[in-house]
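> need a structure here:
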Amino acid sequence: MQANRRRFLGGLLAAGLVPKPTWADAGGPAYLAAAAKPDGSFALCGIGAALDIIFEIPLPARGHAAAAHPTRPQAVAFARRPGTFAIVIDCASGAVKAELHSPQGRHFYGHGAFSQDGDWLFTTENDFELGRGRIGVWDVNKGYTRAGEVDSGGVGPHDIKRLPGSDILVVANGGIDTHPDSGRVKLNIATMQPNLTYLDQGAIIEVAKLPAEMHKNSIRHLAIGPDGQVAFGMQWQGEGEAAALVGLHRQGQAIDLIHLAEDQARRLDGYIGSIAYSRNGKVIAVTSPRGGVLHLYDAERLVLDQVYGMQDVCGVAARDRGFAITSGTGDIGSFAGQGPVLAHSDALRWDNHLVEV
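The predicted structure follows:
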């Protein structure tokens with residue numbers, strides 16, 4: 001019987017008829033998030049649409065964000081920046097499929113994105129000797145081996161996203177130069193020049209810059225609307241309060257900034273941790289863990305609509321109704337316009353980002 005079964009499976013494989021694993025084989029998670037556990041260990045978690053924990057896979061150190069393969073149940077978990085490793089995990093089995101190590105003279109910034117077909121992984125990196133951003137290119141079908149790198153279009157690339165229905169990448173070049181010898185010290189605040197850079201097949205096709213008076217506003221995190229509009233969250237490096245910490249951009253147009261009243265700007269404490277569009281693209285949610293606040297903006301009128309307090313809130317992502325949210329205190333929950341509905345766990349303290357699968 002075993003010999004017959006092996007011959008049968010061998011025939012299916014030869015004919016290409018054995019179904020390839022999908023995210024359903026990993027329990028069908030809706031989100032991925034890194035977390036810290038009470039014993040000091042770390043994990044990558046799969047979270048269901050009902051915000052239940054589907055799986056926990058150990059990580060060797062603190063995670064930051066993850067990239068989910070578009071079809072296979074594989075996730076790339078990135079170390080907290082500045083990190084030099086990322087781990088490719090088979091989320092169906094929990095096995096480590098590959099380890100990515102940044103080349104000498106580089107470190108990762110904690111984010112990555114897959115090509116539309118899933119054949120390539122792109123990672124944000126720092127060439128810290130030249131003080132220039134790079135995008136690492138990894139060949140998924142060759143075991144995530146490094147295939148090369150391209151210019152990020154600026155300094156300090158942090159987040160990277162792919163525009164829907166295309167292989168155009170948008171990079172959040174934060175503008176801040178760092179070097180491992182100086183830890184996390186920011187070396188060029190006086191001269192920083194953040195931007196959004198769009199890449200197509202490795203070539204820079206557009207660069208969008210902030211107004212001169214906003215050059216100390218580090219562009220950090222990205223959200224992509226269903227029509228390709230880019231929303232971004234910033235972290236202010238200047239004196240006083242930033243008049244705007246959220247911006248929007250559409251290719252071929254100028255950046256629009258969402259300006260805030262002074263009291264609302266002060267509450268964000270100069271820091272946006274995560275950003276997300278609603279499913280219909282009409283609402284933008286941003287979090288400030290430092291300010292302990294969740295903001296909801298009208299994406300069409302470019303105004304602040306709702307404000308909610310939540311201690312150490314950071315992770316945010318769209319769900320069918322409203323948003324899913326996580327915090328560093330162990331809260332996870334949903335928001336659908338009537339205030340957050342939260343559940344607390346002492347077993348998992350969530351890291352910065354909630355990544356949609």
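> quick check: residue 178 vs residue 323, distance?
31 Å (Cβ to Cβ, to the nearest Å). Where you see a C-beta, it was placed from the backbone N, CA and C, and this is true even at glycine.
> with neighbour numbers in mind, choose between these two.
residue 323 (26 against 22; other Cβ atoms under 10 Å).
> quickly list what the more buried one is bridged to.
On the basis of DSSP bridges, residue 323 is bridged to residue 318, residue 335.
> can you pull the contacts of it?
Residue 323 sits next to 276, 278, 285, 316, 317, 334, 335, 336 when contact means Cβ atoms under 8 Å, 6 or more residues apart in numbering.
> ok, now with 7 Å
By Cβ atoms under 7 Å, 6 or more residues apart in numbering, the contact list for residue 323 reads 276, 285, 316, 317, 334, 335.
> separation between it and residue 307?
Residue 323 is 14 Å from residue 307, by Cβ to Cβ.
> go on, residue 255?
Distance from residue 255 to residue 307, by Cβ to Cβ: 23 Å.
> compare those two (neighbour count), which wins?
Taking other Cβ under 10 Å, residue 255 and residue 307 do not tie; residue 255 has more neighbours (19 against 12).
> touching, that one and residue 206? I think so.
No. Judged on Cβ atoms under 7 Å, residue 255 makes no contact with residue 206 at a distance of 11.6 Å.
> residues near the nearest residue to residue 339 once chain neighbours are set aside, how many?
Nearest in space to residue 339, with sequence neighbours left out and distances taken as Cβ to Cβ, 6 or more residues apart in numbering, is residue 308 at 6.2 Å. Counted with other Cβ under 10 Å, residues neighbouring residue 308 total 16.
> now residue 308: which helix or strand?
strand 303-309 (DSSP states H and E).
> in the stretch 251-357 of the chain, which spans are helices?
Counting by DSSP state H, counting those that start in this stretch, the segments of the stretch 251-357 of the chain that form helices are 262-268.
> over to residue 214: give its phi and psi.
Residue 214 adopts backbone torsions of phi -100, psi 10, taken as degrees, to the nearest 10.
> what's the burial count for it?
Neighbours around residue 214, by other Cβ under 10 Å: 19.
> still on that earlier bit, the contacts of residue 323: which two are farthest apart?
276 and 334 (12.6 Å; Cβ to Cβ).
> these two: which has the busier surroundings?
residue 276 (27 against 17).
> that one reaches residue 223, doesn't it?
Yes. Residue 276 lies in contact with residue 223 (Cβ under 7 Å); the separation is 5.0 Å.
> quick one: low-confidence ranges for the stretch 251-357 of the chain?
By pLDDT under 70, the stretch 251-357 of the chain has no low-scoring segment.
> can you pull out the strands in it?
Along the stretch 251-357 of the chain, counting by DSSP state E, counting those that start in this stretch, strands occupy 256-259, 274-277, 283-288, 293-298, 303-309, 313-318, 323-327, 331-335, 341-344, 349-350, 355-356.
> list the buried residues in the fifth one.
The neighbour-count check on strand 303-309 (16 or more other Cβ atoms under 10 Å) flags 304, 308 as buried.
> identify the residues contacting it?
So strand 303-309 is contacted by 260, 264, 292, 293, 294, 295, 296, 297, 298, 339, 340 (Cβ under 7 Å, 6+ apart).
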